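Undergrad: Below is the sequence, then the predicted model.
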Amino acid sequence: MNFALSDDHRMLRDSARAFLDEEVNLQPLLKRGATVEQVDYLGMWGKIAELGWPSLIVPEAYQGLGMSCLDLAMILQEMGRALLPCPISGALAGVWSILKGGSEAQKERLLPMAVTGDLKLALAVCDADGTCDGPASDARATADGDDWRLNGSKAFVVDAAAADMIVVAAENGGRRGLYLVDATAAGVEIELLRWRDTTRQLCNVRFANASAELIAADDAEIWPWIKDRLLLVLSAENAGGLQKVLEMSTEYAKQRMAFGRPIGANQAIKHGLAETFGLVECSNAAVLYAAWMLSEAQPSASLAATMAKAYTSDAYRKATHQNIQVFGAIGFTWEMTNHLYFKRARANAEMLGGTAELRSHVIDLLMREAA
Amino acid sequence: MNFALSDDHRMLRDSARAFLDEEVNLQPLLKRGATVEQVDYLGMWGKIAELGWPSLIVPEAYQGLGMSCLDLAMILQEMGRALLPCPISGALAGVWSILKGGSEAQKERLLPMAVTGDLKLALAVCDADGTCDGPASDARATADGDDWRLNGSKAFVVDAAAADMIVVAAENGGRRGLYLVDATAAGVEIELLRWRDTTRQLCNVRFANASAELIAADDAEIWPWIKDRLLLVLSAENAGGLQKVLEMSTEYAKQRMAFGRPIGANQAIKHGLAETFGLVECSNAAVLYAAWMLSEAQPSASLAATMAKAYTSDAYRKATHQNIQVFGAIGFTWEMTNHLYFKRARANAEMLGGTAELRSHVIDLLMREAA
Amino acid sequence: MDFDLPKDDDPRRLDVRAWFERHPNPTGRELFAAGYVVPHWPRPWGLDADTELQLIIDDEIKRAGLPAPSSVNPVAINNCAQSLLTHGTPEQQARFLPPALSYEEGWCMLFSEPSGGSDLGGLRTSAQREGDHYVVRGQKIWTSNAHTSKIGVLVARTDPTASKHAGLSQFLIDMDAPGVTVRPIQDMTGAAHEYNEVFLDDVRVPADRLLGKEGEGWRLSNLQLQTERAALSKPGAVWGQGPSARDLVKALIQTGHIDDPGVRDEAAQLYIEGELLRLLAYRALTDRMNATPSGPEAAVRKMLAAPHGQRLLDLAKRVQGQGGLVEGEEIFPLPNESRHLFDNWDYAFWFSPAVTLGVGTQEILKNVLGERLLGLPRDVDPTAKGPWIDTQRPELKPAN
Amino acid sequence: MDFDLPKDDDPRRLDVRAWFERHPNPTGRELFAAGYVVPHWPRPWGLDADTELQLIIDDEIKRAGLPAPSSVNPVAINNCAQSLLTHGTPEQQARFLPPALSYEEGWCMLFSEPSGGSDLGGLRTSAQREGDHYVVRGQKIWTSNAHTSKIGVLVARTDPTASKHAGLSQFLIDMDAPGVTVRPIQDMTGAAHEYNEVFLDDVRVPADRLLGKEGEGWRLSNLQLQTERAALSKPGAVWGQGPSARDLVKALIQTGHIDDPGVRDEAAQLYIEGELLRLLAYRALTDRMNATPSGPEAAVRKMLAAPHGQRLLDLAKRVQGQGGLVEGEEIFPLPNESRHLFDNWDYAFWFSPAVTLGVGTQEILKNVLGERLLGLPRDVDPTAKGPWIDTQRPELKPAN
């Protein structure tokens, strides 16, 4: 038992921060109409692939680094802090899907390519109404000899347009399964969404008799495992962004003068930032705890991941709004980064279930434990 | 149309305040164990009867003053402000019950006595689980020739121990009706509750074959009318107390020194009190609007009364807690009046339905309007 | 006290309605001539209208499908033009009021500066008297409608040796005068731009454009901002415009989201607050009619209305889930009679952080309330006294 | 990083458990001798315990049905006694520590005064040196356990001509000394009294009762309050004791109130916060073990824990409806192993307004955080500098 970060973890975090501080420049996004393309979305993939980030969670058997969710969390927080525009979220989701759902042969074939960055994956799991839990699905799979055909659509797919292959949750015979499609195959149509969080790329994907490979015929046992990890990704991003936003607000409150003194001398500002400091402390604890629980495959890991996403989403939303309020009107302009964090917070809060839904799930899990 | 108070209303309010400032002394209550008895609970009834307050809402046909709910609200707010310990709430509830439910003969017999203060009434409508809406009831009425017999119990009856007669909501044949019992009759047992709000007296009442008189066999149309008025009473008390509590906190914040200046110079205090000022403004508006709607028998009167109770309850709770926080530790002692307001606010908030329940009812009413 | 609003068959209403039937597409000048632009003003500008008549005219303008006058030329009609009645010369009234109230000359407020929006009294733009002109130098920011306005109401420092508040004066300047440059600011909504920067480089302003006396600029500006706060605190979510809680509840019922108990409870809270804000706004109208001056009470309403609007739009956005994050897809039913960009739920949401910033930040409003209505001690301001010029140390330069 | 708590078959746990089996009713002196009262202290007082051993001992003390040492003699064990290790003379250590850590001499803190609880530095009680004694004159208030304590930790002013913070010193005084009078304060719960006033009339305190040096009183007091804040920020609703969110959720499930969707959502929020507070408390324990000093971080946790506790008790009270307003009727299931008055939901609720007041009001904690952790400018305090005596103008007399 030891609740402090190890030196290894600190190093991992610090080196990620140093890299991102150096490489990420959001300035080009601060013009109306700019997209991730203008901030080296794909180029960034190459750079992080060189650093080995896509290989972190892949077991050594498939040429990965075989690191844990806790290790990964160190880097995820920094990605969230930097609002890193790069198709890594989709890639992680895809890797986890294959890792948990795929056959040994599929893992041996696909994961080494994911490790080197040569294969970019994405996971299409949400339906148009925003739900992501099975078994119902807007996409349907039908057998076509040994092959499979997909029809229908998936919505809100992270990083789909950058992906080489997409894992798709589709329904067949009352069960939802996972299928792999080539993103460039005939019958696969990818539409960029005008996603408010312009640091990320979300897409709708439509299938018209697209050829697919079966990963798992029933994802009932697989999806919850993947989802917990995706909740961790979002939570860690939230916590990292939250920390950054507190630093921004605090720095500004020290420098900006009004009525002959820095605005941070006012308790209205000072106390608000003190409260946000509390949110940061709790968010970090929530993320590290969830990451550790997932790493250790603890029975309450799902509870911890759900709690982390619910807590950090609310905290991040609150702090990004405060960050605009502290900056005043200038923080409301497109030219500043404040709105990017505000929009990321809003978007993350809705992904994989809003906070009210997650909190209700927390009680479900507790009642199941109590029963 | 005119949203300002008339001069008559101002005068009514100011004279009530002057009277209560003079007559109400809560000091004896500021000793552990003291009850309303120590602050002239019954004596106060005589005094307000002389002023004619019990006669305000009784029509002139029964020797009352025939004034409106809006007129009454002027006085109710002041009673709430002073935390007047006096069995007037029960009396009002009883009068409204007879006024709405009783026969002409009953009104002619009973109301003139209520007007002079010679007959103190109370209304027993809540069951032990706190519900007050029919038709189920812990008390049952059975016919006994021309007479009726009551059995069972009612809970949380305001001012029952002071009452000469009690109107009781009791069930008979699947309907809840209103019955009148003599409070001193055989088979009527009144137990004082250790109610946390020591400025008020609440009781449980038990009936063992007590003789009763029928007021109305079915209160389905009557009780909502009465309840709206009782909601107004609580709302007006809340608004009046809220105003007083803001004044207390503000005064203290101006006088109390810390770090070389009045604590009210700190934004943490100043901004909190500014917010409470907003609650006061809205609470007053809510109460006056509901009172006017009830006076004019407007179709949305019930909506207005429900909104007023929900809003003022939350506002009053918040402000009475803040009032303790502003005073600091001294405000947490039994020797100060702060806790009396805090407890009144908590208690009022639970009477006739908690705020969540009332808010849900607001939406019901709106959906009914929309349909 | 009487909360009854004028009925549909109110004779005065029928009169007004008849006028609009005779003038289905009235020009600004026709509306102004009829007294419908500022009914509560004294004649000849308005109709000396009481609250009821004012409300009737508001209703009937809406019913005729026309925008509210206050939204056509807001700075003139909500804020500044009224100052000419009390502080303007007869010549100024004759020159500026008819075109402003006929929608012919748009106005904008040249108040905020980059060095400090909240600390208006510390502004740096100078107006130096040279013969029969003032020469204005400085920069303004957050000016709504600067790009469409003919007249700018400028606050500038005429006496740097006076204290910060005592050295200010107001002018009515021509926005097309040489030396005035307007640059748009893109806000976080990404939609049409609402705000501008305005650069003032040696702008020559004739001395007869001074409003009131030198040194009265602070008092005039504050009065004008208070009127603005009153105007901005109606129950619409954005500056009193846009969707109200009534619209929200209607939309939640229509979409079925009201069946979610959490949504239902929040919606009820918002609905109640919205109705109370409506009552406070009516009361303010009564007060205005009763000639009670619009004071810090307007700050109370704005303090309540701004976060109310934010929470209202936040709930509307949340119930849309991920779909609400896609720009341009309006998946939530629009309020009836939607005419303004603010009526668009999506735009209004992304705009909403501004409402606790503009026209007095939430923090400043609470100070005003605490100090002026509750009498609590004032915040420390080391720059409040002594010559303004002495407070301009270089280390006080703002970060932005 | 490793969140695993020591398991049931941990060898060190088995050792501790065996000791308690051998000592089913241990005296304070036995517990102290075993090192179980302050395990994390250095020997000979404690066991130099690491976090795990500390937690094991906590668990096993609870399991043995014994109260936590920190609740038996809290002022000594949570706050003050540790100062003797760093600032006490060997004679003071020998005289005071064994009886304090053996529960034989209760301690209380004579800090707050009627003139100002938050502004501790402005206190007025004086300690004037006269030969080999100090003579103490003044009044203290909000002293927990004053009526049951043998030793009072007193902060008093030894130098009125120094600045307010520099003129303070600490003493260990006998609560039964002549001139010490204790008067109980009845708080709003109406239950057993928790607080006292203490009058100090010419109390003679031997000079060797001075803790540290003259003028170190401010620093020592602050350190002791920080340790207290750490102790008070565990997930129990009242000063870290009493029901936690886990208990709340359990009770809501048991009573069926969890089926109300509004209650369910609030309960989930509280549960999550409670678990995070638990994690922060564990981390603080790790930090303490790693000799990271208990600093303003403790203020963070208290800032979070206090309102969390209030909201938790508020929900428990609300679900009881009117029944919750009747004194003495405990209609909500008590937490398991209820031993303290704080474990009573009803008492804890009416006590709860105190938790954002005691040991640093919520406002003071936020100042500490903002200023010391975030580096924001300090609040204005015109009395901070210059001789304290000059700040004692009569018009500064407090209202109460």
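TA: Arrived safely, thanks for sending. Numbering: from 1, shown residues only, chains lettered A, B, ... in the order given.
Undergrad: What separation is there between the closest residue to chain A within the stretch 51-200 of chain C and residue A:338?
TA: For the stretch 51-200 of chain C, the residue closest to chain A is residue C:188, as judged by Cβ to the nearest Cβ, at 3.7 Å. Heads up, the C-betas are built off the backbone N, CA and C, glycines and all. Here residue C:188 is placed at a distance of 8 Å from residue A:338 (Cβ to Cβ, to the nearest Å).
Undergrad: ranges for the helices of chain C?
TA: Secondary structure of chain C (DSSP state H): helices at C:11-22, C:28-34, C:51-63, C:69-72, C:74, C:81-87, C:90-101, C:217-231, C:245-255, C:261-289, C:297-319, C:345-351, C:362-368.
Undergrad: how about the residues of the stretch 151-300 of chain C near chain A?
TA: C:185, C:186, C:187, C:188, C:190, C:195, C:260, C:262 (Cβ under 8 Å from any Cβ of the partner chain).
Undergrad: hmm, 7 Å instead?
TA: Within the stretch 151-300 of chain C, the positions near chain A by Cβ under 7 Å from any Cβ of the partner chain are C:185, C:186, C:187, C:188, C:190, C:262.
Undergrad: quick one on the thing from earlier: indicate which one of the helices of chain C is closest to residue A:126.
TA: Closest to residue A:126 of those, according to Cβ to Cβ: helix C:297-319, at 16.9 Å.
Undergrad: Tell me which other helices or strands that closest one touches.
TA: helix B:267-295, helix C:217-231, helix C:245-255, helix C:261-289, helix C:345-351, helix C:362-368 (3 or more Cβ pairs under 7 Å, 6 or more residues apart in numbering or on different chains; DSSP states H and E).
Undergrad: got the angle between it and helix B:267-295?
TA: Between helix C:297-319 and helix B:267-295, the angle comes out at 90 degrees (axes from the mean of the first three to the mean of the last three Cα atoms, to 10 degrees).
Undergrad: Please save the CA atoms from helix C:297-319 in CSV.
TA: Extracted C-alpha coordinates of helix C:297-319, given in CSV (Å, rounded to 0.1, in the frame of the first residue of the first chain):
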residue,chain,number,x,y,z
GLU,C,297,-32.5,47.1,-8.1
ALA,C,298,-31.7,46.5,-11.8
ALA,C,299,-28.4,44.9,-10.7
VAL,C,300,-30.4,42.5,-8.5
ARG,C,301,-32.4,41.3,-11.5
LYS,C,302,-29.4,41.0,-13.7
MET,C,303,-27.5,39.1,-11.0
LEU,C,304,-30.4,36.6,-10.9
ALA,C,305,-31.2,36.6,-14.6
ALA,C,306,-27.8,35.9,-16.0
PRO,C,307,-27.0,32.6,-14.2
HIS,C,308,-30.6,31.6,-14.6
GLY,C,309,-30.2,31.9,-18.3
GLN,C,310,-26.9,30.0,-18.2
ARG,C,311,-28.5,27.1,-16.3
LEU,C,312,-31.5,27.1,-18.5
LEU,C,313,-29.4,26.7,-21.6
ASP,C,314,-27.2,24.2,-19.9
LEU,C,315,-30.1,21.9,-19.2
ALA,C,316,-31.3,22.3,-22.8
LYS,C,317,-27.9,21.4,-24.0
ARG,C,318,-27.4,18.5,-21.7
VAL,C,319,-30.6,16.7,-22.6
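Undergrad: what angle do it and helix C:217-231 make?
TA: Using the same axes, to 10 degrees: helix C:297-319 against helix C:217-231 is 50 degrees.
Undergrad: And the residue of chain C closest to chain D?
TA: In chain C, the residue that lies nearest chain D is residue C:261 (3.7 Å; Cβ to the nearest Cβ).
Undergrad: Give the burial count for that residue, as a bare number.
TA: 17 (other Cβ atoms under 10 Å in any protein chain shown).
Undergrad: Residue C:188 and residue A:338: which is more packed in?
TA: For residue C:188 versus residue A:338, the count of surrounding residues by other Cβ under 10 Å is larger for residue A:338: 26 against 23.
Undergrad: what sits against that one?
TA: A:323, A:324, A:327, A:331 (Cβ atoms under 7 Å, 6 or more residues apart in numbering or on different chains).
Undergrad: From the residues you listed, which land in strands?
TA: The strands, defined by DSSP state E, take in nothing from the contacts of residue A:338.
Undergrad: would you list those residues in TSV and tack on neighbour count?
TA: Below are the contacts of residue A:338 laid out as TSV (neighbours: other Cβ atoms under 10 Å in any protein chain shown):
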residue	neighbour count
A:323	29
A:324	25
A:327	22
A:331	25
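Undergrad: ok, so of those, who is nearest chain C?
TA: For the contacts of residue A:338, the nearest to chain C is residue A:324 (4.7 Å; Cβ to the nearest Cβ).
Undergrad: is it true that that closest one touches residue A:332?
TA: Yes - between residue A:324 and residue A:332 there is a contact under Cβ atoms under 7 Å: 5.8 Å.
Undergrad: Give me the subset of the residues of the stretch 151-300 of chain C next to chain A that lies in strands.
TA: Among those, the members falling in strands (DSSP E) are residue C:185.
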